[in-house]
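Peer 1: Here is my input, please return the structure:
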Amino acid sequence: MINGPAPERTAAELADAVATAEDPWRVVHRYGAYVLLAIGTVLIAATSDVIGMDRTQWWIAGSLIVTALALQVWWTLTEPAVPRPSAVSALFYWVRWAIGFVVALINPFFAFFAAVGYYDADRLLPRRQQKPGILASVIIVAGAQSGGLPPRGPLGWSVFGALIVANMAFVVITGHLQEKEQERARVQVRTIHELARTNAALQQALDENAALHAQLLLQAREAGVADERRRLAAEIHDTIAQGLTGIIAQLQVVAGAPTLAVAREHLDRASDLARHSLGEARRSVHNLAPAALADATLPEALKKTVADWGTRTGVRAEFTLTGTAQPLHEEIEATLLRITEEALSNAARHAHAGRLGVTLSFMAGEVTLDVRDDGRGFDPLTLPARTGSGGFGLDGMRARAERLAGDVTVESEPGGGTAISARVPLVPHDQ
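Peer 2: Numbers count the residues shown, from 1 in each chain. Coordinates of the predicted model:
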């Protein structure tokens, strides 16, 4: 069951996934310049004695570093949510490059900061300026790699030129890979949006189906109780048969309505289950309520049932109640008790468990029953196909729950224990 804050968390996670898919490098784009500026500043401070920086050079470099930091903070605060190249972004790029170039002339180790132009030229510069912008950043980096700008002597210029070619090749290759990554990101964004629309449509269908189930359940109760009270004394068998026949007729009418095509499959299944319950009612009419519920509430009956089962089998068994318990419609209570008994019986025969837990949970509009053990488990896919006749085992549990517009799910794997969860509507005792 989804609680209140869950949709908000889901929306936030979806927005974060979309943002990440649209710009996988967004963290680098936002904070990378600060990191490179910090590295360059630290390296200048660490190598100033080696480079031989005088006081004037320190003042120039320090002033430009502070200016670069202020400029980067300004851009971070004013950058559009979806950045596109503009005259302002291009001016920002070239002013930042000029600062890096001047400081790198004083101390080549500041070239670390110039590398920021490698990964945001496409975001800040118009297409015609992107390659020149990257080349300008490469010149600073290659100059530092070759020993500082300007190069000294023919050998220095040769090394400088080779480093420019190597750096440009690196940028071109990584740019090509980044384009492929961005294309995959665009596909992922489209997929996320499509999934969001599909989930919204599915949730709407589930909400409509839940409301329909609640309405059908209420109508079924009213029709069945009215027939039973009128004819209980003389013709109880026929009374139950007429009540169930009336339920089938109502479901068939609703299933034939053109506006409920989405729910037709569920309504057809409800009709099949109702026909099955008609035959079952004739055989069990003298045992309408389990004996365990005659003088006890449902939680008390389940607690005693679990304790007795644990005593008989020697398995450590515990019962847990969550939520605020309240009296339920007698058919709901009987169904949950019978499902528990069947699950315990299956565990005793097949699970070989050392520990078992039964949890009854009261939630808004719903009651759930969970039976979990740490036994040897099984592969649910290897179970025989359902015959539709109901009766025993997992099929019997599902049939009982589905007759009340509920369901039963089974999770298990070999060596991993088994978890059976039954979910039914919360119908109070007085309805």
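
Peer 1: From here on, just use CA atoms for contacts and neighbour counts.
Peer 2: Noted.

Peer 1: could I have the host helix or strand of Val408 exported to PDB, CA atoms only?
Peer 2: Taking DSSP states H and E as the criterion, Val408 maps to strand 407-412. Taking Å, rounded to 0.1, in the frame of the first residue of the first chain, the C-alpha atoms of strand 407-412 are listed here in PDB:
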ATOM      1  CA  ASP A 407      -5.500 -11.500  -4.200                       C
ATOM      2  CA  VAL A 408      -2.700 -13.800  -3.000                       C
ATOM      3  CA  THR A 409       1.000 -13.500  -4.000                       C
ATOM      4  CA  VAL A 410       3.800 -16.000  -3.400                       C
ATOM      5  CA  GLU A 411       7.500 -15.200  -3.400                       C
ATOM      6  CA  SER A 412       9.900 -18.100  -3.000                       C
END
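
Peer 1: Tell me if I'm right that Arg398 and Asp407 touch.
Peer 2: Yes. The criterion here is Cα atoms under 8 Å, and Arg398 meets it with Asp407 at 6.0 Å.

Peer 1: low-confidence ranges in the chain?
Peer 2: For the chain, applying pLDDT under 70 flags the ranges 1-29, 81-83, 156, 174-183, 185-186, 188-189, 223-291, 384-392, 431.

Peer 1: Helices of that one, residue ranges please.
Peer 2: 6-22, 26-51, 55-78, 87-106, 111-114, 117-124, 127-145, 153-231, 236-255, 264-284, 298-313, 330-346, 393-402 (DSSP state H).

Peer 1: got the buried residues for the fourth one?
Peer 2: Counting neighbours by 16 or more other Cα atoms under 10 Å, one finds that the buried residues in helix 87-106 are 89-90, 92-94, 96-106.

Peer 1: quick one: which of those is nearest to Glu333?
Peer 2: Ser89 (68.5 Å; Cα to Cα).

Peer 1: if we can go back for a sec, can you give the contact residues for the strand holding Val408?
Peer 2: Outside strand 407-412, the residues that touch it by Cα atoms under 8 Å, 6 or more residues apart in numbering are 377-380, 397-398, 401, 418-424.

Peer 1: Tell me the strands beside that strand, with direction?
Peer 2: strand 418-425 (antiparallel) (DSSP bridges).

Peer 1: and the direction of the strand it pairs with versus that of helix 330-346, what angle?
Peer 2: Calculated by axes from the mean of the first three to the mean of the last three Cα atoms, to 10 degrees, strand 418-425 forms an angle of 170 degrees with helix 330-346.

Peer 1: Report how many residues lie close to Thr324.
Peer 2: Residues within reach of Thr324, counting by other Cα atoms under 10 Å, total 8.

Peer 1: Please tell me how far it sits from Ala200.
Peer 2: Distance of Thr324 to Ala200, given as Cα to Cα, to the nearest Å: 31 Å.

Peer 1: Repeat that for Lys304.
Peer 2: In terms of Cα to Cα, Lys304 sits 43 Å off from Ala200.

Peer 1: cool, Gly406 as well?
Peer 2: 22 Å.

Peer 1: repeat for Trp59
Peer 2: 60 Å.

Peer 1: repeat for Ala111
Peer 2: Ala111 is 50 Å from Ala200, by Cα to Cα.

Peer 1: So the two - more neighbours on which side?
Peer 2: Ala111 (29 against 12).

Peer 1: OK, contacts around that one?
Peer 2: 40, 100-101, 104, 140-141, 144.

Peer 1: Identify the residue spatially nearest to it, adjacent ones excluded.
Peer 2: Val141 (5.2 Å; Cα to Cα, 6 or more residues apart in numbering).

Peer 1: neighbours around the one you found, how many?
Peer 2: By other Cα under 10 Å, 28 other residues sit near Val141.

Peer 1: Next up, the contacts around it.
Peer 2: In this structure, Val141 makes contact with 111-112, 114-115, judged by Cα under 8 Å, 6+ apart.

Peer 1: Quick check on those residues: which are buried?
Peer 2: 111-112, 114-115.
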